[in-house]
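A.B. asks: Sharing a model prediction with you, sequence too.
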Amino acid sequence: MNASIFKHACILISTASPVLIGRGGKGTAIGYFFTLKKGINMGKGLSKLQKSILKMAYRNRRHVENKDVLIEFYKFPPHAPGPSHVSGTPQIFDRHEIGINRYRSASVSVVKAFNRLVKRGLAIREYNNGIVLTEEGFKVAKMLV
């Protein structure tokens, strides 16, 4: 049996480094992991949501907020902000029109995507206000646009 090769990245920024995953039976598995720079592992690559966030941030001069992603990626219709009956803070979306579970699920997905971009060194998190791209994030976003 020939060696199996797995390619786990969607974006090639620098050269690929072969990594021995394991030996078994008659074959050897080799995985390729692409790195943005030394020490940042891209693993399986960026998700569709993460790529979309990077593109939005690139167009918005490195900054993107949660609401921007919910409007552009998830197509949630914004409405005129009004006070919330719970917190008194302005609400941008009508959660009942969108669906409370759908809204919550999308919001959590956006926060997780932001956090993953931060973990990869592509962005800096602004508490309750989105992300700002790092130099590396800007380079990756520029390649995606």
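C.D. replies: Okay, I see it. Numbers count the residues shown, from 1 in each chain.
A.B. asks: The longest helix along the chain: which residues count as buried?
C.D. replies: If you go by DSSP state H, the chain has its longest helix at helix 100-119. Using 16 or more other CB atoms under 10 Å as the test for burial, helix 100-119 gives 103, 106-107, 109-110, 113-114, 116-117. For glycine as for every other residue, the C-beta is placed from the backbone atoms N, C-alpha and C.
A.B. asks: Just checking: what are the partner strands of the helix or strand following it?
C.D. replies: Downstream of helix 100-119, the first helix or strand assigned by DSSP states H and E is strand 123-126. Paired strands of strand 123-126, with direction, are strand 130-133 (antiparallel) (DSSP bridges).
A.B. asks: mind exporting the partner strand as CSV, just the C-alpha atoms?
C.D. replies: Extracted C-alpha coordinates of strand 130-133, given in CSV (Å, rounded to 0.1, in the frame of the first residue of the first chain):
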residue,chain,number,x,y,z
GLY,A,130,-15.5,42.8,17.3
ILE,A,131,-12.0,42.5,16.0
VAL,A,132,-9.1,44.4,14.4
LEU,A,133,-6.8,42.7,12.0
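A.B. asks: Just the residues contacting that strand, thanks.
C.D. replies: Contacts to strand 130-133, defined as CB atoms under 8 Å, 6 or more residues apart in numbering, come from residues 53-54, 57-58, 62-66, 68, 114, 117-118, 122-126, 141.
A.B. asks: what is the mean pLDDT for that strand?
C.D. replies: In this model, strand 130-133 carries a mean pLDDT of 96.
A.B. asks: Show the subsequent helix or strand relative to it.
C.D. replies: By DSSP H and E, the next helix or strand past strand 130-133 is helix 135-144.
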